[in-house]
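> Need coordinates for the following:
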Amino acid sequence: MRPKQRINKDQLENLLRQMPKVKDERDSSQIYSEVQIGLNKKPRKFKVMPTIALAAAIMIFAIITPLFFQNMTSQNSSMDDAAQETKRSGIMEYSNFNDDAADSETGNQLESINKIDGNNAVEDEKPNEIMTTDVKNQTFVVSNLDEETNHIVTIGVTAHSESAMSDDGGFTFPISLIVSKNEEESYFSALERIRYELNYAELGLEEPLINQGAVLSMAYSAGGTPMTMIEVGELYMSYSSMQQTTLLNEIDETLRWTPYTYHEFTSNGSNKGVAIGNSEYNESISMTVFAKRPYFKYQASEQTPIFLVRSQTEFATITEAINTMKTKPDQYPDNKVDPSIPSTIQIENVQTDDAEDGTVRIILSPSSVLTNTEETIFALEAMLMTAKEFGFQKVIFESTQDGIIGNIQLNEPVDVPYSPNPIPYPL
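Numbering: from 1, shown residues only. The predicted structure follows:
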C-alpha cells in the first residue's frame, strides 16, 4: 500500500506561485455599481395560473379532437345514406311514372296520384277541378236520413254566455242527434230522455232552460193537428225577460224542423193563465219556421265542436243574409261567433229566378279558392242552412270549377239539409 503523502505549507505556497496571474481589470467604482444592481434586482416570480390554463387547454383539446373526427365521420355517413335513399326514391318515382304513363296509354289508368309529404293524397292538377284532401264524410249538417228506422232529435241550445252574448241575449241554435226508432219509444220519449243525457258544458253550451223542469209531450189541436204540450212549473214564473226570450227561442229551435210546429203551455194540467216571466199564455202558439236568418260559426274553445249558430237578426232577402255571413255579428268583445264565409270565397251574385221551384243559385267568383277542406265545407253548408231559412228546397253553387266539396256537388242542385249540428249518438 502506497503511503499517503501530505503537503506542507511551503510546498503549497510554491504551487500557488506557479499558477497563472489573475488580475481584475475593473476599478472600484465599477465593482460598486455592479454590486448595487444585483442588490436592487427583484427575484423572479414563478407564474402558476398561465401554466395551469395552458395545461387545461391541452387536456380539453385532447378530449374534443376524437369526438370531432367521429362526428364528421357520422355526418358523412348520414349524407351518404341520404343520397342513396334519394337516389332509390328517384328511381322508384321514375319507375312509377313510367308505369302510370303506360297504363294511361292503354286506358287502364284514369288518374294518377302524387303523394306530398307522405300524407296528403292530391289528384293530378286538372283545369277547373277541385283539389281534394282527406275530409271524407265531414259535415256540419244532417242531410241523409232513413226516416223509417231513425229519428232526428233536435234540441234547442244556447251558446255559453261567456263565449257568445249580445245585447239581445244569447245565440240560440239546434243540435241534432240521430236516434234509432223502436216501438217502445216515441219521438218525444226519445227527446225527453236524451236532453238530460248530454254534457252541455263540454260542448261549450248552456244547459237548456227546458231542462229546469219542463215536460214535453205530443197532443192534437181541436182540428187534429199534431202539436206539443209543454208543462211548466212555478220556477218559470220568476223568469226575467231575458230568460223568457231564451226559453222561447230554445223551444222554437227544438221543434221547428219537426212536424210539431204548434205548442201550448200548461201548468198543473191547465192551459189557461200559464205564467212565464211577465207573460201569461192562454192558447196555442204557432212558431215561425222560416225565420230568414243567416248562420255563423261558433266554437267555444279548441276542445269543443264547431257549430252553425243562427243569427239574432232577421233579413228581408237571402242576398242580404249571405252577405252578412262574411263578417262577425254584433256581440260582446272577445266573444266567439265568427264569420261562416271566409275571405277566400267570393260571391258574385245570388239569383232567385228559379224560386218557383224552390231553387236558389249562388254564383261563386272564379277567384274563389274552393278546396275540399273543413273551412270550405262549413261555408257551403252554412249557405245551405241559410237558404232553408228562406224556404228554399235546393241550392245550386255555380262555379267555373267542377267537383265535390264534402257532400256538395258543384253546379248541380243540392237539397237543403234537414237540420244543423249533428252530435254523435249514442254518446
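> where does the stretch 1-150 of the chain dip in pLDDT?
1-9, 11, 15-16, 18-57, 60-137 (pLDDT under 70).
> Try it again at 90.
Within the stretch 1-150 of the chain, the segments meeting pLDDT under 90 span 1-138, 144-148.
> dump the residue contacts of S221.
M227, Y262, S284 (Cβ atoms under 8 Å, 6 or more residues apart in numbering). (C-beta placed from N, C-alpha, C; glycine too.)
> Mark which of those residues are part of strands, please.
M227, Y262 (DSSP state E).
> Just the element for the spatially closest residue to P366 that is not a sequence neighbour, please.
Of all residues beyond its chain neighbours, the one nearest P366 is T400 (4.6 Å), with distances taken as Cβ to Cβ, 6 or more residues apart in numbering. Taking DSSP states H and E as the definition, T400 sits outside all helices and strands.
> Show me what the host helix or strand of Q243 packs onto, helices and strands only.
Per DSSP H and E, Q243 falls inside helix 241-255. Counting contacts by 3 or more Cβ pairs under 8 Å, 6 or more residues apart in numbering; DSSP states H and E, helix 241-255 is packed against strand 150-159, strand 169-170, strand 172-180.
> Between the ones you listed, which one is closest to T254.
Closest of those to T254 is strand 150-159, at 4.0 Å (criterion: Cβ to Cβ).
> in its sheet, what does that closest one sit against?
The pairing partners recorded for strand 150-159 under DSSP bridges are strand 172-180 (antiparallel), strand 205-206 (antiparallel).
> To E162, which of these lies closest?
When these are compared by Cβ to Cβ, strand 205-206 sits nearest E162, at 9.8 Å.
> sorry, back to before: with only the CA atoms kept, save the helix holding Q243 in PDB.
C-alpha atoms of helix 241-255 as PDB (Å, rounded to 0.1, in the frame of the first residue of the first chain):
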ATOM      1  CA  SER A 241    -137.400  38.900 -19.700                       C
ATOM      2  CA  MET A 242    -134.000  37.700 -21.000                       C
ATOM      3  CA  GLN A 243    -134.700  34.200 -19.600                       C
ATOM      4  CA  GLN A 244    -138.200  34.200 -21.100                       C
ATOM      5  CA  THR A 245    -136.800  35.100 -24.500                       C
ATOM      6  CA  THR A 246    -134.100  32.500 -24.400                       C
ATOM      7  CA  LEU A 247    -136.700  29.800 -23.300                       C
ATOM      8  CA  LEU A 248    -139.000  30.600 -26.200                       C
ATOM      9  CA  ASN A 249    -136.000  30.600 -28.700                       C
ATOM     10  CA  GLU A 250    -134.900  27.200 -27.400                       C
ATOM     11  CA  ILE A 251    -138.400  25.800 -27.800                       C
ATOM     12  CA  ASP A 252    -138.600  27.100 -31.300                       C
ATOM     13  CA  GLU A 253    -135.200  25.600 -32.200                       C
ATOM     14  CA  THR A 254    -136.200  22.300 -30.600                       C
ATOM     15  CA  LEU A 255    -139.400  21.900 -32.600                       C
END
